[in-house]
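> got a predicted structure plus its sequence, pasted below:
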2 protein chains.
Amino acid sequence: MTTTRKVTSLDVAKRAGVSRSAVSRVFTPGASVSERTASKVREAANALGYRPNVLARAMLTGKSKIIGLVVAYLDNHFYPTVLELLSEALEREGYHVLVFMAAHSADDVEDVVSQILDYQVDGLILASVSLSSDLADRCRASGVPVVLFNRKLEAEGELAVVSDNRMGGRLAAEHLISLGRTRIGHIAGWEGASTQRDREAGFMEGLRAAGLGLFAREVGDYRLPRAKEAARRMFDTPDRPDAVFVANDYMAFGVMDVLRSELSLRVPDDVALIGFDDVPSAAWPAYSLTTIRQHAEAMVTTAVEALLSEIGGTDVTSPAPLPVTLVRRTTA
Amino acid sequence: MTTTRKVTSLDVAKRAGVSRSAVSRVFTPGASVSERTASKVREAANALGYRPNVLARAMLTGKSKIIGLVVAYLDNHFYPTVLELLSEALEREGYHVLVFMAAHSADDVEDVVSQILDYQVDGLILASVSLSSDLADRCRASGVPVVLFNRKLEAEGELAVVSDNRMGGRLAAEHLISLGRTRIGHIAGWEGASTQRDREAGFMEGLRAAGLGLFAREVGDYRLPRAKEAARRMFDTPDRPDAVFVANDYMAFGVMDVLRSELSLRVPDDVALIGFDDVPSAAWPAYSLTTIRQHAEAMVTTAVEALLSEIGGTDVTSPAPLPVTLVRRTTA
DNA sequence: CAGTCTCGTGCAAACGCATGCAGTGAGGGA
DNA sequence: TCCCTCACTGCATGCGTTTGCACGAGACTG
């Protein structure tokens, strides 16, 4: 292992017969350099394999070009999709993504965000994670813009990108009702999440509008095992619902598995099932899940747009909730 | 937006009535500081909300504590799982993960790796991505250890963590044969991938050992749509296989969908199906896929172990391929 | 031809921290 | 009592950049 010394701008400068400044300017878009020296420098740089040290640049400019992303879980396929989109969108803008997994405890988020801030990130995206208000203050104090993704905070003026979850819940209700179902249940996600609250609120609204109430309710916490337990509690009884709105697709898969495989119920004949998100596997024939689509690309686009504006210095307000659509497949 | 000046070690030093060095040492484990000044410094730091700037530290020490991860796709659920595990394992060791998505062209990987190196990463993990040999050289030149994850390079002495894919292929063959199947097909992944080559080699070996040959072969490139097309070509004919080994679970789902939903074939009665990976959804009743399990945790553990050793300076050789196991479910 | 502009360049000062070196004081052994 | 040791501390330097400033040389203008 030959310890190859790191090649710096000074090496390039010497070889090209110019100053460090010249080298720097060649690699700084929009700086004033003559084409003659630029080409000399580029040649020398290529010969030596020089590339500017992003970290050193970050120190001076205060811009690290890195965005912290904290995400709670990746087993719900919605988030890998988002991560991929997000990473691509940010790379396109010259940013890169430092990923952190946060377990569900608020302490953990606290800790994780602190660590991210140590990296002098230019911005922060919190997906499926809530932010304590003093932590939000810390970020503001560090001058690091934060955008919440698929979650919002009631009280704070925090930037948040969400779908129109309330409308989505309402669409779900209306669809089940249009099918003639009357004994309608709901399997909720984690009740601390704004998505859950909004989806349920909209759903209830839709039921009420038709003069209906909730026939049954269980909580699945957005986790697969709990969702399955919830489904068993709700359906392993003669007096069961004839339709159910599950707060996201990921849980809906589990619920459907319980219904069909454990309880031998037919979907949608015995019970109609509708989810939320429209993750890729919802379209797979094995599930063919009717669901409310969140437009992941649109969410990502507006999220990075908002974040970059904020980074650029222009104060931004939370964009309007993004439209959702009912996608009918075969489960409802 | 009050532009809060960044709080530096000097601020803390002043407030605590000590020098910057003292502050630095308090935050450097194993440095020599008296308990008295340490507590003074800690108090001041807390009061001011001071945390050391990781980037500045990285410049001095040359250790950024960040690991670059490049991954080609996240729609195959194996990789989100790996990413989550990897991130957790590395965080536990004080490292953090900078994620890059690489499209499939080699050019893109080239470009992406260059960008990662600009961040002075301490190490590099390439998952499901191959490395051109001159790129490998560049990494070596930068002194950045690289480990390939779930992919290996024949020629190079590159560190690679893989399962025993050959044995896995062999197990798949033996299992299908033990079921009495004789007209056995294979739907391959991307043929440029070592995983594909090894799995298929083992599979063929298993068939040959039983005096069988391959009944049919199609290529799915590890992509869902292509796998489905491959399945159609292979099975939409009277003279079809009675069993098929699909090179990974992700494609197997697509194949199974085609078999059951489009061609109305029964699995496993009409055709037995076996996959590879054992992603979480393989266990879901809707698929209940028989498969060859790659032990993701073990792979991740050995990968970070190898990487950290290499970073630590001890030269490491590629660990032995990790054991795989047949997990029988209902598709074969 | 003098004066003014513009462009390109180099110098040197940051950025926030770690660390070798030298120096201080206290404690202990002879 | 003197000297040595040892634990601790501060000073100053350096990590690889960017960038404001000043300056020289042309290029224009009148």
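Perfect, I can see it now. What you are looking at is a predicted structure, and each value in this text was computed from that prediction instead of being measured.
> what's in contact with stretch A:315-326?
The contact list for stretch A:315-326, computed with C-beta atoms under 8 Å, 6 or more residues apart in numbering or on different chains, reads A:152, A:158-168, A:171-172, A:175, A:290-295, A:298-299, A:302, A:306, A:309-310, B:1. C-beta coordinates here come from the backbone N, C-alpha and C atoms, glycine included.
> from these, which are also near DNA strand D?
When the contacts of stretch A:315-326 are checked against DNA strand D using C-beta under 7 Å from any atom of the strand, none falls in range.
> local confidence estimate at the residue most central in space within chain A?
Compute the mean C-alpha point of chain A, and by C-alpha atoms, centre = their mean the closest residue is residue A:127, 4.1 Å away. Per-residue pLDDT puts residue A:127 at 92.
> try the one 4 residues further on
Predicted confidence (pLDDT) at residue A:131: the value is 76.
> and for the one 3 residues further on?
In the prediction, the pLDDT value recorded for residue A:134 is 77.
> check which helix or strand it maps to.
helix A:133-142 (DSSP states H and E).
> elements contacting that helix?
Here helix A:133-142 touches helix A:106-118, strand A:146-149, going by 3 or more C-beta pairs under 8 Å, 6 or more residues apart in numbering or on different chains; DSSP states H and E.
> could those be laid out in TSV, adding mean pLDDT, distance to residue A:261 and mean neighbour count?
Listed next are these as TSV, based on pLDDT from 0 to 100; distance: least, C-beta to C-beta, whole Å; neighbours: other C-beta atoms under 10 Å in any protein chain shown:
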stretch	mean pLDDT	distance to residue A:261	mean neighbour count
helix A:106-118	86	34	18
strand A:146-149	94	33	24
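> export the ones you listed to CSV and tack on distance to residue B:91?
As requested, these are exported to CSV (distance: least, C-beta to C-beta, whole Å):
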stretch, distance to residue B:91
helix A:106-118, 8
strand A:146-149, 20
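> send the alpha carbons of stretch A:167-183 over as PDB?
Output of stretch A:167-183 as PDB, limited to C-alpha atoms (Å, rounded to 0.1, in the frame of the first residue of the first chain):
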ATOM      1  CA  MET A 167     -59.100  14.400   1.200                       C
ATOM      2  CA  GLY A 168     -57.500  11.000   0.800                       C
ATOM      3  CA  GLY A 169     -59.400   9.600   3.800                       C
ATOM      4  CA  ARG A 170     -62.500  11.200   2.500                       C
ATOM      5  CA  LEU A 171     -62.100   9.600  -0.900                       C
ATOM      6  CA  ALA A 172     -61.600   6.200   0.800                       C
ATOM      7  CA  ALA A 173     -64.800   6.600   2.700                       C
ATOM      8  CA  GLU A 174     -66.800   7.700  -0.300                       C
ATOM      9  CA  HIS A 175     -65.500   4.900  -2.400                       C
ATOM     10  CA  LEU A 176     -66.400   2.200   0.200                       C
ATOM     11  CA  ILE A 177     -69.800   3.700   0.600                       C
ATOM     12  CA  SER A 178     -70.300   3.900  -3.100                       C
ATOM     13  CA  LEU A 179     -69.800   0.100  -3.100                       C
ATOM     14  CA  GLY A 180     -72.800  -0.200  -0.800                       C
ATOM     15  CA  ARG A 181     -70.800  -1.100   2.300                       C
ATOM     16  CA  THR A 182     -72.200   0.000   5.600                       C
ATOM     17  CA  ARG A 183     -70.200  -1.800   8.300                       C
END
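> gap between that stretch and the chain center?
Distance of stretch A:167-183 from its chain centroid, counting by C-alpha atoms, centre = their mean, to the nearest Å, is 27 Å.
> what comes into contact with it?
In contact with stretch A:167-183 (C-beta under 8 Å, 6+ apart) are residues A:184, A:198-207, A:209-210, A:212, A:215-216, A:240-243, A:245, A:268, A:272, A:274, A:276, A:290, A:292, A:294, A:321, A:323-326, A:328, A:332.
> sitting in strands, which of those residues do you find?
A:184, A:216, A:243, A:245, A:272, A:274, A:276, A:292, A:294, A:324, A:325, A:326 (DSSP state E).
> run a quick neighbour tally on residue A:203.
28 (other C-beta atoms under 10 Å in any protein chain shown).
> would you list the helices and strands packed on helix A:133-142 in a markdown table and tack on distance to DNA strand C?
Output for the helices and strands packed on helix A:133-142, formatted as a markdown table (distance: least, C-beta to the nearest atom of the strand, whole Å):
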| stretch | distance to DNA strand C |
| --- | --- |
| helix A:106-118 | 9 |
| strand A:146-149 | 20 |
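> and those as CSV, adding distance to chain B?
Listed next are the helices and strands packed on helix A:133-142 as CSV, based on distance: least, C-beta to the nearest C-beta, whole Å:
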stretch, distance to chain B
helix A:106-118, 5
strand A:146-149, 13
